[in-house]
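> This is a predicted model, with the sequence first.
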Amino acid sequence: MTLPAHQVHGWIASLVDRTADQLRAELALLVRRVQDAAPTHEMALAHTPVSTPAPGSEPPELEAAESSRRERARQAGATVAADVLEAVAALDEAASLTDILNVLVERTSIHADRVLLVVARGDALIGWRSHGYTSAPRDATTLAIGPEDQGLVMRAARSGLMETGPALAAGQLDDARAGHNRFAVAVPLRVDGQIVAVLYADADADTANADVDLARAAHAPGAVRSPWPEVVGVLARHAARCLESMTAR
């Protein structure tokens, strides 16, 4: 049955409004997470020589360390928020379903070492595009993940939920070059109740947990931003909403 045009338009409008509200909430949460992840008061003091304070006064080093911590947290939150907003705008402006998926990989690659996007084809997941595995992003198209695979990607497709952990994207991927000290996330993209794709991203566990520089210079290869798993989740969910909205139109 075909819905009347006014009902379709109303549904799309409600989807856009709901997406905007959810995005604002997720973005606010991300900013708070980044600020909370900034070096703590005690960590800053551990690297700062502190002189004996006069009775009733705070050491200048203490005040400087705390001020520096607050400024780093403010800059980190602003940088992540700006990046997420730019990515959201790029997804919104994508002209086709293909463009949405490509933009998702490109924007996610800013925040993680390696990215893999697969799309559902029957019971299997077929590679769409990747970053960080090989020099050619289209090499991912040769990948096929069967329903019996125990990797993180298929686990996310089966559960319908974000999966995290020190696990491979798929069982047949050769991870010898990257080592085993990695943390990964896999986020399913759902359209009209169906899993249509899964976004996988990972980073070296030590790098991901470090107090990294969140300035614009951190776009250099190998730099990983924190909290990058939450950023990946936000981008994947917004891309799914864009796919659903475009499919409805």
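It's in.
> Could you list everything residue 163 pairs with in the sheet?
residue 186 (DSSP bridges).
> Surely it is in contact with residue 185?
Yes. With contact defined as CB atoms under 8 Å, residue 163 counts as touching residue 185 (7.2 Å). For glycine as for every other residue, the C-beta is placed from the backbone atoms N, C-alpha and C.
> so what sits against both of the two?
residue 152 (CB atoms under 8 Å, 6 or more residues apart in numbering).
> In stretch 197-208, which residues are buried?
197-204, 207-208 (16 or more other CB atoms under 10 Å).
> actually stretch 98-106, not the one I wrote
For stretch 98-106, by 16+ other CB under 10 Å, it's 100-105.
> ok, residue 195 - how many residues close by?
Neighbourhood size, residue 195 [other CB atoms under 10 Å]: 18.
> isn't it right up against residue 188?
Yes. With contact defined as CB under 8 Å, residue 195 reaches residue 188; the gap is 4.8 Å.
> Now do the shared contacts for these two.
By CB under 8 Å, 6+ apart, the residues touching both residue 195 and residue 188 are 157, 160.
> need the longest helix for this protein.
helix 60-93 (DSSP state H).
> elements contacting it?
helix 5-36, helix 41-46, helix 97-108, helix 228-248 (3 or more CB pairs under 8 Å, 6 or more residues apart in numbering; DSSP states H and E).
> Which of the ones you listed has the lowest mean pLDDT?
Here the helices and strands packed on helix 60-93 differ in mean pLDDT, and the lowest is helix 41-46 at a mean of 37.
> Good, we can wrap up now.
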